[in-house]
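K.L.:
Provide a 3D model corresponding to the input given below.
(one chain, ligands or ions: 1)
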Amino acid sequence: MNLFQPTRRRMRALQFIPFIALLCSALLFPTKVQSKNYYADFETVRSYIDEGQLGRAERQLAAIEAEIELNEDLELEWSGLLHLTRAHLLFARAPSKEKEIRDVLGLAQSALTLQTASSAYADAWLLQLRVNAKHRDYQSVMVQVNEVINLALHYNDDELAIDALLFAANFTTQFGNSLISVEYLRRAIEIAEPLNSARIDANIDLSYGNFYTSVAMSEKAITLIAGARAFFKENGPQNKLIETLLVLARNYFQQSDWDNAESLYILADDYATHASLPSLKIKAAEGLARLYIVQQAYEAAYRSIETGQRLANSSLEKFTFASLKANWYLANNRLDLAEAAIQEAEIHHKQLPGSTRNSLAGLEIFLSKGELAAKKQNATESFQAMNTYRQLLITRIRSFVAGGIESLLAEMEYERVTNKNQQLTNRNTEYERQLEIAAERQRLQWMVLGLGLALAISLSLYVIRVLVQRKKLKELADTDALTGLLNRRAAVARSENWLKDARLNEVAFVIFDIDFFKKINDNHGHQTGDRILQQFSDLALANTRESDLVARIGGEEFLIVLPGCGTKKAAERAEKLRQVYATHTFINNLRVTASFGVASGHNVSFGKIYEAADRALYKAKETRNQVSLDNDSPYIEALVLED
Ligand SMILES: Nc1nc2c(ncn2[C@@H]2O[C@H](COP(=O)(O)OP(=O)(O)OP(=O)(O)O)[C@@H](O)[C@H]2O)c(=O)[nH]1
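P.N.:
Presented below is the predicted three-dimensional model:
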């Protein structure tokens, strides 16, 4: 290492050392002059640290410290480097013990400032950035790391410059500004080339591999990292070896080579456990958790998340594992627990520096929120979360235009998620639309069915009513109100039909008239007369065939029309009826008779045949209570002749 080059100011200060030392030695140790250059010693310690030989580094450092402590002047001169080297040692041993490192680093910085600006000062600054970067905003870290790079280059400290460049490259990679990372990496390679150091090359390969990983060029990453892995395995340090394993695993993970990814993560975890490096063990736990979630090995994933949560130290780590837990619960459809985990993640999310909050890792929370809402079938909320994600992504893209490749990848990721979400929204909308259509169709069907049914019912009711009414009207129009028999009009109409019907040979008319009806009315009252009229009707109906027509055609005059019946047969029937009346006891124990006139014919008018029958009735009325045939009728004559 070439970190501790004397600076010009320090050189000026050093010019006085011999005098001071001489003065001191003259006063305290008159025989011995205490002066020694410890640069090489510190450099050796740093090599041990870089190689991971921490015990050896510790012993060597303790030896230097013991020597320096003996002399105030030496302590004044070398305490800066002593504290700085101790801070490096602490960082290599336990990077998460930030406070302890910061305290020692603080001592180093004040001592180095007291002395003079040097690459050692820049080195301390870089270590401070390493410790604090995760709590700080991207921009402020980058401003300072650029200062460190400039200082290192200014003091020709190539190794420090490369260290700072690689730190800057890794840091920008982490925030997705891949093109800037490449810039830093190229400069590191330029500076490293003439140095011809396998360790520096391995470091650069690791950083380059990191970059390729971040832009999903896994093949290249794996090739580069494999070389670095071999170097660190051979030469240490262990933490770098573990880092290579983690990056390799991430690449296999990206390639969906689950077995290789898993075994590398497990190996990294194992090494980190043995080397007591919880900050790396937590990274292995994160990788394993993600791997197991993807593989749906939920029990194993849960264990890794638990390990991570137990070890989580920084807000980012706490946030990451709360987020992972949320994902776990989401994957297992335990939505209430997922919600609680998201809330916890949000608390840690708020603690993150702005740039980390807006980095891809930080934005993950909105994806989880979106997914949770989607799982709850709340498309609007899901879309809102995804939209927030998108907005933040856009902001991020705008502020880091140079990080084009990663930004593109982020955009692609966003597109993927948005598409998925859009598909979900579309599917929901489509379902809702289909449901609405189905419901509408069903409503219409029911409506049409109901309407049709109501229409059919009311129509048939209407038809029935009309028919009934028409029938009633017809009946009323055809019926005699007092007796319920057909009236004259109906009798004429039907008789005429029969008279014209070719199938019937003859139609007979029997007209009968109650004898002395006037007397009945006069003696017993009109009502009794009415009742007798009704009794006459009932008896007439009871003593005729169903096919015969019985009508009341005048006050107490009735007509029976017998289709298909000749005069003789009709006369016989009339005679029977006459006897029925003559022997019947009517209301008020009255005895009432009737006189009958019979005639028949075919294809003649109603009037004609009626007249003939009426003439016969007239004849019957001569003696009353008898049946007469119309002698003038040719048919009747024929009948008489036959007789
Ligand atoms: N109670 C009642 N009487 C009626 C009705 N229509 C007609 N008459 C009566 O029937 C009687 C008919 O009398 P006439 O024509 O003299 O005949 P008659 O008394 O039966 O004598 P002959 O027919 O010669 O035997 C009249 O007194 C009418 O008022 C009716 O609907 N009810």
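K.L.:
list the residues that contact Thr544.
P.N.:
Thr544 is in contact with Val550, Ile560, Leu562, Arg573, Leu577, counting by Cβ atoms under 8 Å, 6 or more residues apart in numbering. Every residue, glycine included, has its C-beta placed from N, CA and C.
K.L.:
which of those residues has the largest number of neighbours?
P.N.:
Within the contacts of Thr544, Ile560 tops the neighbour count with 28 neighbours, counted by other Cβ atoms under 10 Å.
K.L.:
can you report how many residues lie near whichever residue of the stretch 401-550 of the chain sits closest to the ligand?
P.N.:
Across the stretch 401-550 of the chain, no residue is closer to the ligand than Gly529, which sits at 2.4 Å (Cβ to the nearest ligand atom). By other Cβ under 10 Å, 21 other residues sit near Gly529.
K.L.:
check Ser368 too.
P.N.:
Ser368 has 25 neighbours, counted by other Cβ under 10 Å.
K.L.:
what mean pLDDT does the one helix or strand it maps to have?
P.N.:
Element membership for Ser368, per DSSP states H and E: helix 360-375. For helix 360-375, mean pLDDT rounds to 83.
K.L.:
quick one: buried residues of that helix?
P.N.:
360-374 (16 or more other Cβ atoms under 10 Å).
K.L.:
I'd like the mean pLDDT over the very next helix or strand once past it, please.
P.N.:
Downstream of helix 360-375, the next assigned helix or strand under DSSP H and E is helix 379-399. Averaging pLDDT along helix 379-399 yields 77.
K.L.:
name the helices or strands packed onto helix 379-399?
P.N.:
helix 360-375, helix 404-478 (3 or more Cβ pairs under 8 Å, 6 or more residues apart in numbering; DSSP states H and E).
K.L.:
that helix vs helix 404-478, what angle?
P.N.:
150 degrees (axes from the mean of the first three to the mean of the last three Cα atoms, to 10 degrees).
K.L.:
where's helix 379-399 relative to the chain centroid, distance-wise?
P.N.:
Averaging C-alpha positions (Cα atoms, centre = their mean, to the nearest Å) puts helix 379-399 19 Å from its chain's average.
K.L.:
please identify the buried residues of that helix?
P.N.:
By 16+ other Cβ under 10 Å, the buried positions in helix 379-399 come out as Ala379, Ser382, Phe383, Ala385, Met386, Tyr389, Arg390, Leu392, Leu393, Arg396, Ile397.
K.L.:
report the contact partners of Ala322.
P.N.:
The contact partners of Ala322, by Cβ under 8 Å, 6+ apart, come to Gln309, Ala341, Ile342, Glu344, Ala345, Ile347, His348.
K.L.:
ok, now how distant is the closest residue to the fifth one other than its chain neighbours from Asp137?
P.N.:
In this case it means Ala345. Leaving out its chain neighbours, the residue that sits closest to Ala345 by Cβ to Cβ, 6 or more residues apart in numbering is Ala322, at 3.7 Å. Ala322 is 22 Å from Asp137, where distance means Cβ to Cβ, to the nearest Å.
K.L.:
now do Asp163
P.N.:
Asp163 sits 22 Å away from Asp137, going by Cβ to Cβ.
K.L.:
so which of the contacts of Thr544 sit within helices?
P.N.:
Among these, DSSP state H puts Arg573, Leu577 in helices.
K.L.:
correct me if wrong: Leu277 contacts Ile242.
P.N.:
Yes: in this structure, Leu277 is within contact of Ile242 by Cβ atoms under 8 Å, at 6.6 Å.
K.L.:
circling back to that earlier point, which pair of the contacts of Ala322 spans the longest distance?
P.N.:
Using Cβ to Cβ, these span at most 14.7 Å, a distance reached by Gln309 and Ile342.
K.L.:
more neighbours, these two?
P.N.:
More crowded of Gln309 and Ile342, by other Cβ under 10 Å: Ile342, with 24 against 19.
K.L.:
am I right that that one is in contact with Lys369?
P.N.:
Yes: applying Cβ under 8 Å, one finds Ile342 in contact with Lys369, separated by 6.0 Å.
K.L.:
residues in contact with the residue nearest the centre of the chain?
P.N.:
What sits nearest the mean C-alpha location of the chain, by Cα atoms, centre = their mean, is Gln377, with 3.6 Å. Residues near Gln377 by Cβ under 8 Å, 6+ apart: Asn428.
K.L.:
now do the buried residues in the helix or strand hosting Arg310.
P.N.:
In this structure, Arg310 is located in helix 298-311 according to DSSP H and E. Of all the residues in helix 298-311, those buried under the rule 16+ other Cβ under 10 Å are Ala300, Ala301, Tyr302, Ser304, Ile305, Thr307, Gly308, Gln309, Leu311.
K.L.:
what does stretch 532-544 give?
P.N.:
For stretch 532-544, burial by neighbour count (16+ other Cβ under 10 Å) applies to Ile532, Leu533, Gln535, Phe536, Ser537, Leu539, Ala540, Asn543, Thr544.
K.L.:
same check on stretch 227-236?
P.N.:
By 16+ other Cβ under 10 Å, the buried positions in stretch 227-236 come out as Gly227, Ala228, Arg229, Phe231, Phe232, Gly236.
K.L.:
make CSV from those residues and add distance to the ligand to it.
P.N.:
CSV is the format used below for the buried residues of stretch 227-236 (distance: Cβ to the nearest ligand atom, whole Å):
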residue, distance to the ligand
Gly227, 135
Ala228, 134
Arg229, 132
Phe231, 139
Phe232, 136
Gly236, 140
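K.L.:
between which two of these is the distance greatest?
P.N.:
The span of the buried residues of stretch 227-236, defined through Cβ to Cβ, is set by Gly227 and Gly236 at 15.6 Å.
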